[in-house]
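Engineer: Fold the following.
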Amino acid sequence: MKKENLNLFTNRSCGILFHLSSLSGEAGTGDMGSQAHRFAAWLSEAGQKYWQMLPVNPTGAGNSPYSSISAFAGNPVFISLEGAVEDGFLEPSEVPAFKGLSASQALMEKEKVLRLAASRFQKENPEGAWAEFHSFLDRESFWINDYAWFCALKERFRNAPWTDWPEKIRKRNFRFWERDLLHFLGETSFYYQFEQFIFDRQWKRLKNACQKNGVSLIGDLPIFVSHDSADVWAHQNIFDLDEQGFSVAVSGVPPDYFSKTGQLWGNPLYRWDVLKESGYEWWEKRLEISSLRFNVVRLDHFIGFCRYWRIPAGEKTAVQGQWVKGPGSDFFSLILPKLPQLQIIAEDLGVAGEDVYQLRDEFHFPGMNVLQFSFGGEEKFLPQNYAPNSVAYTGTHDNDTLKGWIENAPQGEVKRALDYAHTSKSDFENNWKLIQVLLDSPSNTAIIPMQDVLGLGSEARMNTPGTISGNWAWKIKPEQLNLEIAQRLRQISASARRIS
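Structural biologist: Numbers count the residues shown, from 1 in each chain. Below is the predicted model:
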């Protein structure tokens, strides 16, 4: 049974790429509180149908949303203390005054207050909310306990990777866990369960607010997970690991035009044969929670479902890897009928070939077009030739902003782009001209990073691949989210027939 993935993409529409962390929240980062709800209303005012975010899981190395300790949990950073007060989990007087604190200090204070709320909740067992909490635990039983234990063990072993934990714990031999450790886990793991309970409550509230404003959420799902994560520790059998839990081989991409040694990502690889024996259960659960949080899910590195680059563990570069066949059509044929609500965008950029496009088209997944990649010289890549069943972007989270690209990209490509848009490098509003080009393209869906709508330069870039500092930190200023920009965006979206 093949499921067509067309429900949300047949009509011309548009949206904004803007991560939740880029709001200016109460504790130095965006959250699911009032500012997020206001942004949903702003999108509606601007005529935008979609709000696309980066992954919302707990961040790991380098604060990257693409490196997480859980493929299922929500990032507690996004919990609004304001919302926790509204729900009765905190008293207004318990919310810290964050002014003057650094980002790290603010987050520490936020966690301290949430631990206070968890302790009180556990002791008082409030009627109604307690039943809702246990209903949440039952519903999320596939992952929530493993995640809570993993986080508690991380605390106990001073954040050491799970491969450094005692063997009985590393191998999850629960019978032999020491009594005092189990007692510690019981106290500490409750906090992490409670934290996810609050996240789930606030997320549903935000999603409902978006729905009332006619806005659908697009999420981002990385194909691979971090080795030092609750997922790998809890499901060692589905990953390519040795007896000690270390990766036998790791992920990456081969050498190409951009890198002579390829990219060594280092994530553990899946044992797709083992996953298939269970009907891809782990992946089904992962996609299910994503499809409940979001209306649409972008599958990052879609090529990996067709074939993936396998690099022996210990290699210093990606040169010595080899292509290995992925699960392909079998995976989606089994998964999609089980998740009828799942809507997918296939991230088919980079080294994708005909086999990848065939897999994408077999299930009618829209692929991606990026304006900044469209002016290398081949006419087939020009915006006028985008396929209707695709999602077009001026740039992704890994690209420079449009203004930064105009300044820093190969100037031959920039000139072709500006000529195509009937503008020039000296035109202060050349970002709007290029946005208009994107909106006028045949792609049924167009997504614009918020930085490009605001006309910001490289200082607002979200991520520079291959670097470990200065990323994921851009924040919008409250005054930038104004009615004038919303009305202009609505006007040009309407002129491109993207507002019904």
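Engineer: Who are the contact partners of the most centrally placed residue in the chain?
Structural biologist: When the chain is reduced to its mean C-alpha position, the nearest residue by Cα atoms, centre = their mean turns out to be Pro55, at 1.6 Å. Pro55 makes contacts with 65-66, 68, 219-222, as judged by Cβ atoms under 8 Å, 6 or more residues apart in numbering. For glycine as for every other residue, the C-beta is placed from the backbone atoms N, C-alpha and C.
Engineer: same question, Gly376
Structural biologist: Glu413.
Engineer: Which of the three states applies to it?
Structural biologist: For Gly376, the reduced secondary structure class is coil; criterion used: DSSP: H, G, I helix; E, B strand; the rest coil.
Engineer: For it, report the pLDDT, please.
Structural biologist: Each residue has a pLDDT score; the one for Gly376 is 92.
Engineer: Could I get the phi/psi values of it?
Structural biologist: For Gly376, the backbone dihedrals are phi -80, psi -10 (criterion: degrees, to the nearest 10).
Engineer: And Phe136, by the same measure?
Structural biologist: Dihedral angles phi and psi of Phe136 (degrees, to the nearest 10) take the values phi -60, psi -50.
Engineer: What separation do you get for Pro58 and Arg360?
Structural biologist: Pro58 sits 30 Å away from Arg360 when distances are taken as Cβ to Cβ, to the nearest Å.
Engineer: cool, Ser141 as well?
Structural biologist: Noted for Ser141: a distance of 33 Å to Arg360, by Cβ to Cβ.
Engineer: ditto for Phe428
Structural biologist: Taking Cβ to Cβ, one finds Phe428 at 38 Å from Arg360.
Engineer: Which one's more surrounded, these two?
Structural biologist: Between Phe428 and Arg360, counted using other Cβ atoms under 10 Å, Arg360 has the larger neighbour count: 28 against 9.
Engineer: gap between Gln193 and Asp138?
Structural biologist: For Gln193, the distance to Asp138 under the criterion Cβ to Cβ works out to 12 Å.
Engineer: Export the contacts of Pro55 as CSV, with columns for pLDDT.
Structural biologist: Formatted as CSV, the entries for the contacts of Pro55 read as follows, by pLDDT from 0 to 100:
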residue, pLDDT
Pro65, 94
Tyr66, 94
Ser68, 95
Gly219, 98
Asp220, 98
Leu221, 98
Pro222, 97
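Engineer: From those, which land in strands?
Structural biologist: Among the contacts of Pro55, the members falling in strands are 219-221 (criterion: DSSP state E).
Engineer: Nearest to Gln105 among the residues you listed?
Structural biologist: Gln105 has its nearest neighbour among these in Asp220, at 28.8 Å by Cβ to Cβ.
Engineer: Identify the bridge partners of that closest one.
Structural biologist: In this structure, Asp220 bridges to Arg298 when assessed by DSSP bridges.
Engineer: got the contact list for it?
Structural biologist: 52-55, 65, 297-298, 300.
Engineer: redo that, cut-off 7 Å
Structural biologist: Remark: with contacts taken as Cβ atoms under 7 Å, 6 or more residues apart in numbering, Asp220 is in contact with 53-55, 298, 300.
Engineer: Return the members of the residues you listed classed as buried.
Structural biologist: By the neighbour-count criterion of 16 or more other Cβ atoms under 10 Å, these include these buried positions: 53-55, 298, 300.
Engineer: Which one's more surrounded, Gln193 and Asp138?
Structural biologist: Summary of the neighbour comparison: Gln193 and Asp138, criterion other Cβ under 10 Å, with Gln193 having more neighbours (22 against 9).
Engineer: Contact partners for the residue nearest to the more buried one when sequence neighbours are not counted?
Structural biologist: Nearest in space to Gln193, with sequence neighbours left out and distances taken as Cβ to Cβ, 6 or more residues apart in numbering, is Ala148 at 4.9 Å. Ala148 makes contacts with 189, 192-193, as judged by Cβ under 7 Å, 6+ apart.
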